[in-house]
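**Q** Pasting the sequence and the predicted model now:
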Amino acid sequence: MITLRSRDEIALIRKAGHVVRGVLAGMEKEIRPGITTRELDDIAIGIINANDAQPAFKGYRGFPASICTSINEVVVHGIPSRRVLKEGDIISIDVGVKLKGYFADGASTFAVGRISPEAKELIETTRRALTKGITMATPKNRLSDISHTIQTYAEQEGFSVVRAFVGHGIGAKMHEAPEIPNFGKPNRGIRLEPGMVLAIEPMINAGGYEVKILDDGWTAVTKDGSWSAHFEHTIAVCAADPEVLTG
C-alpha cells in the first residue's frame, strides 16, 4: 500500500532531508586521501546528533554503522572501517536520517583527490541519470517512466544499471512501497500522484550490471570488478514539478 503524505508530513520529511543534505555536504569537505571511512562515519554521527536527529541506518537489519561508505567497485552498503582513502579513489556515501518520526535518504559519490577522466564521467553520468529520473516524477507519468529514463540515459552513455538494488518509497518508515527499479520499459506500474514520497537512487557501473555480496553479508561489489557510482534524493511528487527534499 502506498501512503500519500500530507503537507505537514512532507514538511517533516523535508526537515530530515535538510539533515541528510548537511551530512553529505560535510562529507564533501572531509573526504581526502588519508582519512578512514570510520572517521567519516564519526563525522556523520556528529552532524546528525547536532541536528537532534537519529541515524536511520545504525542497527537497521543489523547494519553496524550510521552511513554506508562504498569505495570504487563497491556498489552499495560498504561498512565504515579502518580503510584509508587513497588518491584516485571514488567513494559513495549513503545516509538515512530519522527526525520527529519521519525519514529521509540520500547518497552522493565523491572523488578522492584527483581521479581519472573515466571515473569522473561515471560520477557525472550517474548524477545526471538521477536528475533525469526525478524530472519524470510527475502525475502525468507512471512509476516505470522514472526507471526507463534512468536506464536509457545510463546505457546510451556506455554504462550499465544495477538491477539487484532499487529505490523505494519513504516516510514514516525507511523503506515503504513502492519499489523503484532503475531499469524497465516505460508506461508501466502505478500512476504517480501528489503526496507520494520517493527515494530515487540509480547505482551505475562502468562494466556489467551484475553484483555479488561479500562474506560480511552487506557489502555489494560489481561482479567484474568495475567501478560503480551511486546518487540518491528523496523527492515529493507534486501537482506540477517534483520537489527534491534532500537537495
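**A** Yep, that arrived.
**Q** contacts and neighbour counts: CA atoms only from here.
**A** OK.
**Q** residues in contact with residue 173?
**A** Residues in contact with residue 173 (CA atoms under 8 Å, 6 or more residues apart in numbering) are 102, 103.
**Q** mind running it again at 10 Å?
**A** Residues near residue 173 by CA atoms under 10 Å, 6 or more residues apart in numbering: 56, 98, 101, 102, 103, 104.
**Q** so where's this protein shaky on pLDDT?
**A** Along the chain, segments meeting pLDDT under 70 are nowhere present.
**Q** Can you show me the helices along it?
**A** Counting by DSSP state H, the chain has helices at residues 7-30, 37-50, 117-135, 143-156.
**Q** buried set for the first one?
**A** By that I understand helix 7-30. Using 16 or more other CA atoms under 10 Å as the test for burial, helix 7-30 gives 9-10, 12-24, 27-28.
**Q** thinking again about what came up before, I'd like to know which of the contacts of residue 173 are buried.
**A** Buried, going by 16+ other CA under 10 Å: 56, 98, 102, 103, 104, out of the contacts of residue 173.
**Q** Using JSON lines, lay out the contacts of residue 173 together with distance to residue 200.
**A** Formatted as JSON lines, the contacts of residue 173 follow (distance: CA to CA, whole Å):
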{"residue": "56", "distance to residue 200": "17"}
{"residue": "98", "distance to residue 200": "18"}
{"residue": "101", "distance to residue 200": "21"}
{"residue": "102", "distance to residue 200": "17"}
{"residue": "103", "distance to residue 200": "14"}
{"residue": "104", "distance to residue 200": "11"}
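**Q** I'd say residue 141 and residue 186 touch.
**A** Yes. In this structure, residue 141 is within contact of residue 186 by CA atoms under 10 Å, at 9.2 Å.
**Q** More neighbours: the two, which one.
**A** Using other CA atoms under 10 Å as the criterion, residue 141 and residue 186 rank with residue 141 on top: 18 against 15.
**Q** and that one, what is it in contact with?
**A** Applying CA under 10 Å, 6+ apart to residue 141 gives the contacts 186, 187, 188, 189, 190, 191, 192, 193.
**Q** you'd agree the first one is up against residue 144?
**A** Translated: residue 186. Yes. Judged on CA under 10 Å, residue 186 makes contact with residue 144 at a distance of 5.2 Å.
**Q** Quick one: closest of the helices of the chain to residue 223.
**A** Nearest to residue 223, of all the helices of the chain, is helix 117-135, at 17.1 Å by CA to CA.
**Q** Packing partners of the closest one?
**A** Secondary-structure packing of helix 117-135 (3 or more CA pairs under 10 Å, 6 or more residues apart in numbering; DSSP states H and E): strand 90-99, strand 102-111, helix 143-156, strand 197-200, strand 203-205, strand 228-230, strand 233-236, strand 243-244.
**Q** just checking, what packs against the first one?
**A** Taking 3+ CA pairs under 10 Å, 6+ apart as contact, the helices and strands that strand 90-99 lies on are helix 7-30, helix 37-50, strand 54-55, strand 67-71, strand 74-76, strand 102-111, helix 117-135, strand 228-230.
**Q** got these as a markdown table, with distance to residue 201 columns?
**A** Formatted as a markdown table, these follow (distance: least, CA to CA, whole Å):
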| stretch | distance to residue 201 |
| --- | --- |
| helix 7-30 | 14 |
| helix 37-50 | 20 |
| strand 54-55 | 19 |
| strand 67-71 | 14 |
| strand 74-76 | 11 |
| strand 102-111 | 8 |
| helix 117-135 | 7 |
| strand 228-230 | 7 |
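**Q** To residue 247, which of these lies closest?
**A** With CA to CA as the measure, helix 7-30 is the member of these nearest residue 247 (6.4 Å).
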